[in-house]
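Asks: need a structure here:
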Amino acid sequence: MRTTINDALKTAMKAKDSRRVSTLRLVQAALKDRDIANRGVGKGEASEEEILQILAKMVKQREESARLYDEAGRPELAKQEREEIAIIAEFQPAQLSDSALDAAVKAAVADAGATSPRDMGKVMALLKERHTGEMDFSKASGLLKSLLSNG
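Replies: Model (predicted):
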């Protein structure tokens, strides 16, 4: 994953694509920050799973910023955030469709033996283990809550 991001940065620099270069440098900075934090607790470089979590967090931050810029009447800044989202999303696995998300949540509920809202933590841990970077966990949480409270 790191190599792919580094190669993309080199290609963007050669192409003089300033938006892509700045976005990929932000990604690298976030990875370096995680590596430094991991060193503090005796771990090595960020794992592939941690990298996916970082990318997902960066996309979520930009979605929120774009929404706020739209509400504030700043479409040019919202457009910039969406361009960054597109660049970051290239390095993430494909997102699950709504039907696949539904199936994954139901499978995790069955595997965890969840029967009530108290079991949400177990199920969410299972989903994060299996589908990091592939799903929007806030959507999954809402679906899970409705399944377990009605179940």
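
Asks: need the residues that contact whatever helix or strand Glu83 lives in.
Replies: Glu83 is located in helix 75-89, with elements delineated by DSSP states H and E. Surrounding helix 75-89, the residues in contact under the criterion C-beta atoms under 8 Å, 6 or more residues apart in numbering are 19-20, 23-24, 26-27, 55, 58-59, 62-63, 65-67, 69-70. Backbone N, C-alpha and C define where each C-beta goes, glycine included.

Asks: how does it look with 7 Å?
Replies: The contact list for helix 75-89 (C-beta atoms under 7 Å, 6 or more residues apart in numbering) reads 19-20, 23, 27, 55, 58-59, 62-63, 65-66, 69-70.

Asks: look up how far Asp102 lies from the residue lying closest to Gln28 once chain neighbours are set aside.
Replies: Excluding the flanking residues, the one nearest Gln28 by C-beta to C-beta, 6 or more residues apart in numbering is Ile5, at 6.5 Å. Between Ile5 and Asp102 the distance is 32 Å, computed by C-beta to C-beta, to the nearest Å.

Asks: got it, and Glu49?
Replies: 23 Å.

Asks: domain assignment for the chain?
Replies: The chain resolves into domains spanning 2-89, 98-150 when parsed by automatic domain parsing.

Asks: tell me who's in contact with the most centrally placed residue in the chain.
Replies: Nearest residue to the geometric centre of the chain (C-alpha atoms, centre = their mean): Ala56, 1.4 Å. Going by C-beta under 7 Å, 6+ apart, Ala56 touches 92, 133.
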